[in-house]
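Student: no sequence on hand, only this structure:
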């Protein structure tokens, strides 16, 4: 973001990050699953909420919308095809969210897979991607197909390498454990594991990541790599015809993975 725009993580539940974008005295909140920590953050920082952005309908991303609206009558942006509490500004692919109080415009990208209508917000070299792309991982396929999620991830991977990635959960170390199990000779991944473990040991978030770092270390963006294909084929017990089949196998492997 611009040097005078700040993105702050507000912790919620066991491992959610609610991102608050703020500039001067105005703030926008992204995926407020719980209103209480958001309201505490706004009070502590003396910020005025001007909008709510949502990426998808799951309750841990939308559960605080109505409580926030009771205190702040603000527009609520979210995917047009999903049931978002309090939504007033339904969004589709290619739309722009203009936030004049922050002097910020965000582009809307439809990235289905985790849910059918999931969207992401992109602007000023930052990506707010909910539960689609995670640090060293990707979301579970609750409503979409492997082909949809693989296409969504490929779309995000086309963003500039220096794009900061703000996802919605602190899943990084668990994701890295899986990544090492299928791509353990990747020097960039080995180095990342050390760095992220140090951050967590110090009580720091592992986020934001970057698109470049994800392309180098995230197994779901590396289905073309020989090591990932071999791991997926070994698990499947057969040869796999293409990168999509490798992706689908890796996602199934991750579902059952225990470090």
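Tutor: In hand now; what should we look at? Note that the coordinates shown come from a computational prediction; the quantities given were computed from them, not determined experimentally.
Student: can you report phi and psi for residue 165?
Tutor: Listed backbone geometry of residue 165 is phi -110, psi 110, with angles given as degrees, to the nearest 10.
Student: so how many other residues sit close to it?
Tutor: One way to gauge burial is a neighbour count; for residue 165, by other Cβ atoms under 10 Å, it gives 23. For the C-beta atoms, the positions are set from N, CA and C on the backbone; glycine is no exception.
Student: from residue 151, how far off is it?
Tutor: When Cβ to Cβ, to the nearest Å is the yardstick, residue 165 and residue 151 sit 18 Å from each other.
Student: and residue 174, by the same measure?
Tutor: Using Cβ to Cβ, we find residue 174 at a distance of 25 Å from residue 151.
Student: again with residue 43
Tutor: Here the criterion is Cβ to Cβ. By it, residue 43 lies 41 Å from residue 151.
Student: and the two? Which one has more around it.
Tutor: When neighbours are counted by other Cβ under 10 Å, residue 43 and residue 151 differ, and residue 151 comes out ahead with 16 against 9.
Student: checking that one next. Helix, strand or coil?
Tutor: Under the three-state scheme (DSSP: H, G, I helix; E, B strand; the rest coil), residue 151 adopts helix.
Student: over to residue 181: give its phi and psi.
Tutor: Residue 181 has phi and psi values of phi -70, psi -20 when expressed as degrees, to the nearest 10.
Student: just the pLDDT for it.
Tutor: pLDDT for residue 181: 98.
Student: quick one: neighbours of the residue nearest to it when sequence neighbours are not counted, just the number.
Tutor: Counting by Cβ to Cβ, 6 or more residues apart in numbering, residue 181 lies nearest to residue 257, which is 6.9 Å off, once chain neighbours are set aside. Summarising burial for residue 257: neighbours were counted as other Cβ under 10 Å, giving 14.
Student: what's the answer for residue 237, then?
Tutor: The burial metric for residue 237, expressed as a neighbour count using other Cβ under 10 Å, is 6.
Student: what does residue 9 give?
Tutor: Residues contacting residue 9 under the criterion other Cβ under 10 Å number 17.
Student: name the element it belongs to?
Tutor: Assigned by DSSP states H and E, residue 9 belongs to strand 6-12.
Student: quick one: distance of whatever helix or strand comes next after that strand to the chain centre.
Tutor: Stepping forward along the backbone from strand 6-12, the first helix or strand reached (DSSP H and E) is strand 16-23. In terms of Cα atoms, centre = their mean, to the nearest Å, the centre of strand 16-23 is set 12 Å apart from its chain centre.
Student: what packs against strand 16-23?
Tutor: strand 6-12, strand 26-30, helix 35-45, strand 164-167 (3 or more Cβ pairs under 8 Å, 6 or more residues apart in numbering; DSSP states H and E).
Student: in CSV: these, plus distance to residue 90.
Tutor: Listed next are the helices and strands packed on strand 16-23 as CSV, based on distance: least, Cβ to Cβ, whole Å:
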stretch, distance to residue 90
strand 6-12, 24
strand 26-30, 17
helix 35-45, 22
strand 164-167, 22
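Student: now residue 101, what's its secondary structure?
Tutor: Going by three-state DSSP, the secondary structure assigned to residue 101 is helix.
Student: got the contact list for it?
Tutor: When the contact criterion is Cβ atoms under 8 Å, 6 or more residues apart in numbering, the partners of residue 101 are 23, 26, 50.
Student: now residue 140: which helix or strand?
Tutor: For residue 140, there is no helix or strand it lies in under DSSP H and E.
Student: so what's it up against?
Tutor: Residues in contact with residue 140, defined by Cβ under 8 Å, 6+ apart, are 114, 131, 251, 255.
Student: in strands, which of the residues you listed appear?
Tutor: In this view, the contacts of residue 140 have no member that belongs to strands under DSSP state E.
Student: now for these: which two are most distant?
Tutor: In these, the most distant members under the criterion Cβ to Cβ are 131 and 255, with 14.4 Å between them.
Student: now the strand holding residue 9: buried residues?
Tutor: Neighbour-count burial for strand 6-12, with 16 or more other Cβ atoms under 10 Å as criterion, is recorded at 7, 9, 10, 12.
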